[in-house]
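A.B. asks: whatever this is, show me its structure:
(one chain, ligands or ions: 2)
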Amino acid sequence: MKSSLMHLVPPMNRERIISKFPKWYTPEACLQFKEHFHAQVRTACQQSTGTAGLKISKVVVVGDLYVGKTSLINRFCKDKFDRDYKATIGVDFETERFEIIGMPYNLQIWDTAGQEKFKCIASAYYRGAEVIITVFDLADIQTLDHTKQWLEDALRENEPDSSFIFLVGTKKDLVSDAVCERTELDAIRFAKEMQAEYWSVSAKTGENVKEFFSRVAALAFEQSMIKELENTLGHRAQIGAGNLISMWIEKYSMEVPEDKTQVSLSCC
Ligand SMILES: Nc1nc2c(ncn2[C@@H]2O[C@H](COP(=O)(O)OP(=O)(O)OP(=O)(O)O)[C@@H](O)[C@H]2O)c(=O)[nH]1
Ligand SMILES: [Mg+2]
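C.D. replies: Ligands and ions are numbered 1, 2, ... in the order given. Modelled structure (predicted):
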């Protein structure tokens, strides 16, 4: 039964297979500078028998109406772009499959309505977001000003420090390089204040769209693996720029010499 069901699962899109940690857009507003998955996460993935259950992270996309939230999601999930505007009513979601360092992983991407009259419906879905993507239109600077309010609303429904935050400028194809660079300076300042990672993209041309979602997936995947290790195991260790996680170092120090363990824990 199990093997016959396996045939019903479509093959993994090669573009969704991530083996190296995807890079940031700009070092000026970037959540993490790491270039590799954390050593313990890699080890845990190599040792996984595949019976641990499918991991899934919730991503919520917010921002003013017409900024291009739906178009961004559709470009990534369906590789489609529609020039006609069809307002999102309430919410919608897409599930996108990945394989990250050998582990199956899903992003559940929630598209919310920017129109004021649908805001109360959409905000009911903000809870439990591992990733919040705040979107503005590079060709309409006012929409950047509103991103802080959108983020505040989304954060209110979530535990403090429980979500990765991204600030995304869309419609890059509509602005000149000079305008884009100027707007990015403002956007990067906003991103720093919001503790967000910044990206400029175009749903029309597809520029940076795959790279952006790969980055989202890798960061969310690694975070969920770290949380899982923290829950199943017990010992405290420090990773990267001050993130405290719990891990059972004894388990790994059986396989890795002690000095190497120290190096791997501080390398990412
Ligand atoms: N040129 C260009 N147009 C875009 C791009 N992204 C979106 N658009 C257009 O902008 C309009 C609004 O896009 P949507 O994706 O529907 O906007 P939205 O943010 O989902 O709007 P709501 O659902 O009302 O919140 C549509 O006409 C799109 O075709 C882009 O990257 N480039
Ligand atoms: Mg929409």
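A.B. asks: show me which residues of the protein are close to ligand 1?
C.D. replies: Counting by CB under 6 Å from any ligand atom, the residues of the chain lying close to ligand 1 are 65-71, 82-85, 87-88, 113-115, 170-171, 173-174, 202-204. Yep, even glycine has a C-beta here, placed from its N, CA and C like the rest.
A.B. asks: narrow those residues to those in strands?
C.D. replies: When the residues of the chain next to ligand 1 are checked against strands using DSSP state E, the ones located there are Thr170.
A.B. asks: of the residues of the chain next to ligand 1, grab the buried ones for ChimeraX.
C.D. replies: Under the burial definition 16 or more other CB atoms under 10 Å, those of the residues of the chain next to ligand 1 that qualify are selected in ChimeraX by:
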select :66,67,68,69,70,71,88,113,114,170,171,202,203,204
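A.B. asks: so which of the residues of the chain next to ligand 1 sit within helices?
C.D. replies: For these, the ones inside helices are 69-71, with DSSP state H as the criterion.
A.B. asks: for Glu159, state which of these is nearest.
C.D. replies: Ranked by distance to Glu159 (CB to CB), those are led by Lys69 at 23.6 Å.
A.B. asks: the closest one contacts Thr112, doesn't it?
C.D. replies: Yes - using CB atoms under 8 Å, Lys69 is in contact with Thr112, at 7.1 Å.
A.B. asks: could you tell me which residues touch both of these two?
C.D. replies: Overlap between the contact sets of Lys69 and Thr112, as judged by CB atoms under 8 Å, 6 or more residues apart in numbering, is given by 61-62, 88.
A.B. asks: ligand 2 next: which of the residues you listed are close?
C.D. replies: Thr88 (CB under 5 Å from the ion).
A.B. asks: pLDDT added to the shared contacts of Lys69 and Thr112, as TSV?
C.D. replies: Conversion of these to TSV gives the following (pLDDT from 0 to 100):
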residue	pLDDT
Val61	98
Val62	98
Thr88	97
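A.B. asks: and which of the shared contacts of Lys69 and Thr112 is nearest to ligand 2?
C.D. replies: Distances from the shared contacts of Lys69 and Thr112 to ligand 2 were compared by CB to the ion; the smallest belongs to Thr88, at 3.1 Å.
A.B. asks: contact partners for the residue lying closest to that closest one once chain neighbours are set aside?
C.D. replies: The shortest distance from Thr88 to any non-neighbouring residue, by CB to CB, 6 or more residues apart in numbering, is to Ala113 (4.4 Å). Contact criterion CB under 8 Å, 6+ apart gives 65, 87-91, 119, 121-122 as the residues in contact with Ala113.
A.B. asks: now with 7 Å?
C.D. replies: Contact partners of Ala113, counting by CB atoms under 7 Å, 6 or more residues apart in numbering, are 87-91, 122.
A.B. asks: pull out the buried positions in the helix or strand containing Arg215.
C.D. replies: Here Arg215, judged by DSSP states H and E, is contained in helix 209-232. By neighbour count with 16+ other CB under 10 Å, helix 209-232 contains the buried residues 209-210, 212-226, 229-230.
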